[in-house]
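Trainee: Starting from these lines, generate the structure:
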Amino acid sequence: MSEAPKRVPPRLLCLVRKHYISPNLLRVTLTGEALKGFPINKNGSHIKLFIPREGETKPSLPRLTAAGIEWPKNRPITRAYSVRKYHPDTNELDIDFVAHGKSSPASGWAVNANEGDFIGVAGPGGPDPLLAPADWHILAGDLTAVPAISAILETLDSKASGHVFIEVDNLVDKHFIAHPSGINIHWILRDVSRKKNALIEAINNVAPDIGVKSISAFIAGENASVIACRDKLRVDYQLTKKNLYAVPYWRRGQDEETYHEERHTIMDQVY
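Mentor: Numbering: from 1, shown residues only. Next up, the predicted model:
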């Protein structure tokens, strides 16, 4: 029996540079001695960010002890994000942030941060792989899911086939994403005046290729949309957790602290 992977304490990293992938998607690149040894095959996986409190130059990171996690008195702000890419040759970690305001804890840190500013990172974690092997794939989500979707597409075989659906609030965020030629990427403008879920309608318009014997899916983003897409794929293609990974990152109208427990309840559901 193989041993469980050794737990790694949160890493204190600093910003090297940043640039916008699209008007509302900001890439931050981090580095630091603590980053050495980061897994090279976990692009797209979940990580936890530890953001400094107001007045701090560095976040106070929790410690791993024999009794469990020991939190500092000045507990940092925590947010769940995705690894966009780790570059072992330069020991740099890319994380993409949806830039939705300077006052938002995580987005605000990224927008306001300068070279040399510090942030904590724990992980990576989550299922491996994020997208199960299959003949045909469906990936869907909003702008928050783009980092994970982009990372997944980079790992697929050149002969992979399927569809990617990305819902955005503004088509200015449409940008090039490297992908196999057999994968079709659809950018969908969110229309708040429509009652029907745009991702559901888009998924309704595609069907597996002739001869497809296996299907897998990755769904991420806003809570209600993720659940709706998950349930549709379960009914239409009889997918289960073995070939369908559906992870809600956020819920419209709630901050992460309020939504945290509900998200775990949804993730623990059996199907």
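
Trainee: Roughly how far does Arg27 sit from Gly182?
Mentor: Counting by CB to CB, to the nearest Å, the gap from Arg27 to Gly182 is 27 Å. (Glycine included, C-beta is placed from N, CA and C.)

Trainee: Over to Ser193?
Mentor: Counting by CB to CB - Ser193 and Gly182 are separated by 34 Å.

Trainee: Identify all contacting residues around the longest strand along the chain.
Mentor: The strand that spans the most residues within the chain, counting by DSSP state E, is strand 11-22. If you take CB atoms under 8 Å, 6 or more residues apart in numbering as the criterion, strand 11-22 is touched by 26-32, 34-35, 38, 58-59, 61, 92-93, 96, 99, 110, 113-122, 172-175.

Trainee: Quick check: which ranges of the stretch 151-271 of the chain have low pLDDT?
Mentor: The stretch 151-271 of the chain contains residues with pLDDT under 70 at 260-261.

Trainee: Could you pull out the strands in it for me?
Mentor: Applying DSSP state E, counting those that start in this stretch to the stretch 151-271 of the chain gives strands spanning 162-168, 183-189, 215-222, 244-250.

Trainee: out of the contacts of strand 11-22, which are buried?
Mentor: Burial by neighbour count, judged by 16 or more other CB atoms under 10 Å, picks out 26-32, 34-35, 38, 59, 61, 92-93, 96, 99, 110, 113, 117-122, 173 from those.

Trainee: Ser193 and Gly182 - which one has more neighbours?
Mentor: Per other CB atoms under 10 Å, whichever of Ser193 and Gly182 has more neighbours is Gly182, with 16 against 4.

Trainee: Quick check: closest non-adjacent residue to that one.
Mentor: Nearest non-adjacent residue to Gly182, counting by CB to CB, 6 or more residues apart in numbering: Ser161, 3.7 Å away.

Trainee: tally of neighbours for that neighbour?
Mentor: For Ser161, using other CB under 10 Å, the count is 18.

Trainee: how about it, what does it touch?
Mentor: Contacts of Ser161 by CB under 8 Å, 6+ apart are 135-137, 180, 182-183, 209.

Trainee: how does it look with 7 Å?
Mentor: By CB atoms under 7 Å, 6 or more residues apart in numbering, the residues touching Ser161 are 136, 182-183, 209.

Trainee: for Gly108, same thing?
Mentor: Counted by CB under 7 Å, 6+ apart, Gly108 has contacts 101-102.

Trainee: what about it, which helix or strand?
Mentor: Assessed by DSSP states H and E, Gly108 sits inside helix 105-112.

Trainee: returning to what we had before: distance of the residue nearest to Gly182 from His186?
Mentor: When Ser161 is compared with His186 (using CB to CB), they lie 14 Å apart.

Trainee: can you count the residues close to the residue nearest to Asp157 when sequence neighbours are not counted?
Mentor: Nearest non-adjacent residue to Asp157, counting by CB to CB, 6+ apart: Pro180, 6.9 Å away. Look at Pro180: counted by other CB under 10 Å, it has 15 neighbours.

Trainee: Look at Arg7 and give its secondary structure.
Mentor: Three-state call for Arg7 (DSSP: H, G, I helix; E, B strand; the rest coil): coil.

Trainee: relative to helix 105-112, how tilted is the longest strand of the chain?
Mentor: Strand 11-22 runs at 70 degrees relative to helix 105-112, counting by axes from the mean of the first three to the mean of the last three CA atoms, to 10 degrees.

Trainee: Now do strand 11-22, average pLDDT.
Mentor: Mean per-residue pLDDT for strand 11-22: 98.

Trainee: Equivalent analysis for stretch 113-131, please.
Mentor: Mean predicted lDDT for stretch 113-131 stands at 97.
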